[in-house]
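S.K.: fold the following.
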Amino acid sequence: MAERKRPRRTRERILETSLDLFNRHGAPRVTTANIADEMEISPGNLYYHFDNKEEIVFELYTLFETGVLPLYAERGDRRLDVDDLWLWLHLLFEWMWKYRFLYRDLDQLTSQDEKLGARFGALLRKCAATVIQLCHGMVQAGAMRASDREIEALAQNAALVAAYWSSYDRVRRVPTDARPEGDAGRACYQVLTLFGPYLDGDARAYLDRLAADYL
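M.R.: I've put the predicted structure just below:
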């Protein structure tokens, strides 16, 4: 006998519906009334689970943070190559696209909620720290040549481009643009090009082949 799926609880449905609406319209443009209407439940039922929209946003951020934190795990002194960087970026951009509303209105959301701002700031710093680790691993492997100062600047620039790429890509598009939104490959390419001037030999040639595939 096939096992029946557990019915989704109202709280889970609120989070799923909110994520969909926030991603489509931006969190500042969605109200709790919009969420309740979309779910065909009463506002009182929604408020039984969440006191306000800010609580929903923070809960969704927590789910996002739980997903990406394993990507920022320590890598020790392992030698790394461009493939390690490429895979890491792909996985990161997939999570960022799933919770893209967080980046669409990043400044507004983090300004309105100090706790969210502090958590998000710490996550961005972990992102930059991970890029530094990846760079040191590639330097150790002989795939990259860069000073500590250059690596620090590169890490900050990579975190910056990653954080704001989806918003930039959404705004810059024209109606005839046939490429899909949330293209993790294109996003990876934009970040990977930052590393190009610092890569040596086979690593630079491999990056060029990746770029050709994306473009």
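
S.K.: how is this structure divided into domains?
M.R.: Per automatic domain parsing, the structural domains of the chain span 10-49, 75-171+180-214.

S.K.: can you pull the buried residues of the shortest one?
M.R.: Buried residues in domain 10-49, counting neighbours by 16 or more other CB atoms under 10 Å, are found at 13-15, 17-19, 21-23, 27, 30, 32, 35-36, 39, 41, 46, 49. For every residue, glycine as well, the C-beta is placed using N, CA and C.

S.K.: starting at the chain centroid, how far to that domain?
M.R.: For domain 10-49, the distance from its own C-alpha centre to the chain's C-alpha centre is 22 Å (CA atoms, centre = their mean, to the nearest Å).

S.K.: what pLDDT, on average, does that domain get?
M.R.: What domain 10-49 shows for mean pLDDT is 96.

S.K.: what's the burial count for residue 93?
M.R.: Neighbour count of residue 93, defined by other CB atoms under 10 Å: 23.

S.K.: tell me which residues touch it, please.
M.R.: Contact partners of residue 93, counting by CB atoms under 8 Å, 6 or more residues apart in numbering, are 162, 184, 187-188.

S.K.: which one of the residues you listed sits closest to residue 144?
M.R.: Distances from residue 144 to the contacts of residue 93, taken as CB to CB, are shortest for residue 188 (16.9 Å).

S.K.: which residues touch the closest residue to that closest one other than its chain neighbours?
M.R.: Residue nearest to residue 188 in three dimensions, not counting chain neighbours: residue 89, with 4.4 Å by CB to CB, 6 or more residues apart in numbering. For residue 89, the set of contacting residues under the criterion of CB under 8 Å, 6+ apart consists of 162, 184, 187-188, 191-192.

S.K.: worst mean pLDDT among the domains of the chain?
M.R.: Considering the domains of the chain one by one, the lowest average pLDDT is found for domain 75-171+180-214, at a mean of 90.

S.K.: hmm, back to that, just the contacts of residue 89: which are in strands?
M.R.: Using DSSP state E to define strands, no part of the contacts of residue 89 is located there.

S.K.: if any of those residues are buried, give me the PyMOL selection for them.
M.R.: To isolate the buried subset of those in PyMOL, counting by 16+ other CB under 10 Å, use the following:
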select buried, resi 162+184+187+188+191+192
